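A.B. asks: Got a sequence here, can you model it:
(one chain, ligands or ions: 1)
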Amino acid sequence: MRIDVVTIFPDYLSALDLSLVGKARASGILDLRVHDLRDWTTDRHRTVDDTPFGGGAGMVMRPDVWGRAIDDVSGRGSERGADQGAHLLLPTPSGDTFTQRTAERLAEADHLVVACGRYEGIDARVAEHYRATGTTVSELSIGDYVLNGGEVAALVMIEAVARLLPGVVGNPHSLVEESHGAAGLLEYPVYTKPPTWAEHDVPDVLLSGHHARIERWRRDEALRRTVVRRPDMVEALDVAGLDAHDLQV
Ligand SMILES: Nc1c(O)cccc1[N+](=O)[O-]
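C.D. replies: Residues are numbered from 1 along each chain as shown. Okay, the predicted model is just below:
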């Protein structure tokens, strides 16, 4: 997979040089490129924004600068023809909610272009133009709070997507059991040594060596947590996959 990120703060994305995403880049599983939007400006002040039509506070990011940047990184307008396969992601508080299901869908793409807005946002014609000319455009929100720009959201989305790529996470089975994973539940509580800490003991079943009982306990705890903390997730559960014991939780 190739991911191009365009931002006025490229250093913000340096965290993607670390850990699993960094290793995926080094191994070639992920071709991640970070670009400075100002490289597509044409004036000596390298201007990327202007005042909003209709008035109001703040500044809006110019469509012409973004257009040149997105065309370049997505291969549109080049000799090799438009890379219609590039999926344009626009992190925005007004977007559709980014979830694990969104990450799974995006992990199937060959090429993502992430446009990180700042100020009051990117001129709305950018999304409109690329939708109208055959590019898949997703305006996505990581949550209902105010950030200073799209870079933090880009980090979240890219990590959530990259870790789903084959070969990135050591034990693919863990992708099933983790919160919001394929099981559709929150993760069960985890414990390690020492067996007693600050007068708190590890649940006996986890020390029993009885794998069927351990598995059942973990599933019960995952279900219990989900029912208590995220009743909204319970509604989406495949209840057909639950047995009478599960429903006693
Ligand atoms: N919430 C927010 C924002 O305030 C600015 C850019 C992106 C997001 N978001 O993706 O959630």
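A.B. asks: okay but residue 6 is in contact with residue 38, surely?
C.D. replies: No. Residue 6 is beyond contact range of residue 38, at 10.1 Å (criterion: Cβ atoms under 8 Å). The way it works is simple: take the backbone N, C-alpha and C, and place the C-beta from them, glycine included.
A.B. asks: Neighbour count: those two, which is higher?
C.D. replies: residue 6 (26 against 15; other Cβ atoms under 10 Å).
A.B. asks: Could you give the secondary structure assignment for the more buried one?
C.D. replies: strand (DSSP: H, G, I helix; E, B strand; the rest coil).
A.B. asks: Could you do residue 34 as well?
C.D. replies: On the basis of three-state DSSP, residue 34 is classed as strand.
A.B. asks: and it, how far is that from residue 9?
C.D. replies: 10 Å (Cβ to Cβ, to the nearest Å).
A.B. asks: For those two, indicate the residue with more neighbours.
C.D. replies: In terms of neighbours (other Cβ under 10 Å), residue 34 is the more surrounded of residue 34 and residue 9; the figures are 21 against 16.
A.B. asks: Now for that one: which residues touch it?
C.D. replies: By Cβ atoms under 8 Å, 6 or more residues apart in numbering, the contact set of residue 34 is 4, 5, 7, 10, 13, 16.
A.B. asks: Of these, which is the nearest to the ligand?
C.D. replies: Closest to the ligand out of the contacts of residue 34 is residue 7 (11.5 Å), distances taken as Cβ to the nearest ligand atom.
A.B. asks: quick one, what contacts the closest residue to the closest one other than its chain neighbours?
C.D. replies: The shortest distance from residue 7 to any non-neighbouring residue, by Cβ to Cβ, 6 or more residues apart in numbering, is to residue 116 (4.0 Å). By Cβ under 8 Å, 6+ apart, the residues touching residue 116 are 5, 6, 7, 8, 9, 12, 91, 149, 150, 151, 153, 154.
A.B. asks: Let me know the next secondary structure element after the top helix by length along the chain.
C.D. replies: Longest helix of the chain, by residue count under DSSP state H: helix 211-229. Next helix or strand after helix 211-229 toward the C-terminus (DSSP states H and E): helix 231-235.
A.B. asks: So which of the contacts of residue 34 wins on neighbours?
C.D. replies: Going by other Cβ under 10 Å, residue 5 tops the contacts of residue 34 with 25 neighbours.
A.B. asks: Quickly note the distance from that one to residue 233.
C.D. replies: According to Cβ to Cβ, residue 5 stands 30 Å off from residue 233.
A.B. asks: Tell me how far the residue most central in space within the chain lies from residue 150.
C.D. replies: The residue lying closest to the centre of the chain (Cα atoms, centre = their mean) is residue 157, at 1.7 Å. To residue 150, residue 157 is 9 Å away according to Cβ to Cβ.
A.B. asks: do residue 229 as well
C.D. replies: For residue 229, the distance to residue 150 - Cβ to Cβ - is 28 Å.
A.B. asks: go on, residue 10?
C.D. replies: Counting by Cβ to Cβ, the gap from residue 10 to residue 150 is 13 Å.
A.B. asks: is the ligand contacted by stretch 138-149?
C.D. replies: Yes. Contact between stretch 138-149 and the ligand, assessed by Cβ under 6 Å from any ligand atom, occurs at 141, 142, 143, 145, 146, 147, 149.
A.B. asks: gap between the two ends of that stretch?
C.D. replies: 16 Å (Cα to Cα, to the nearest Å).
A.B. asks: Show residues contacting that stretch.
C.D. replies: With Cβ under 8 Å, 6+ apart as the criterion, stretch 138-149 contacts 7, 9, 87-98, 102, 106, 116-119, 127, 152-153, 156-157.
A.B. asks: go again using 7 Å as the cut-off
C.D. replies: 87, 89-98, 102, 116-118, 127, 153, 156-157 (Cβ atoms under 7 Å, 6 or more residues apart in numbering).
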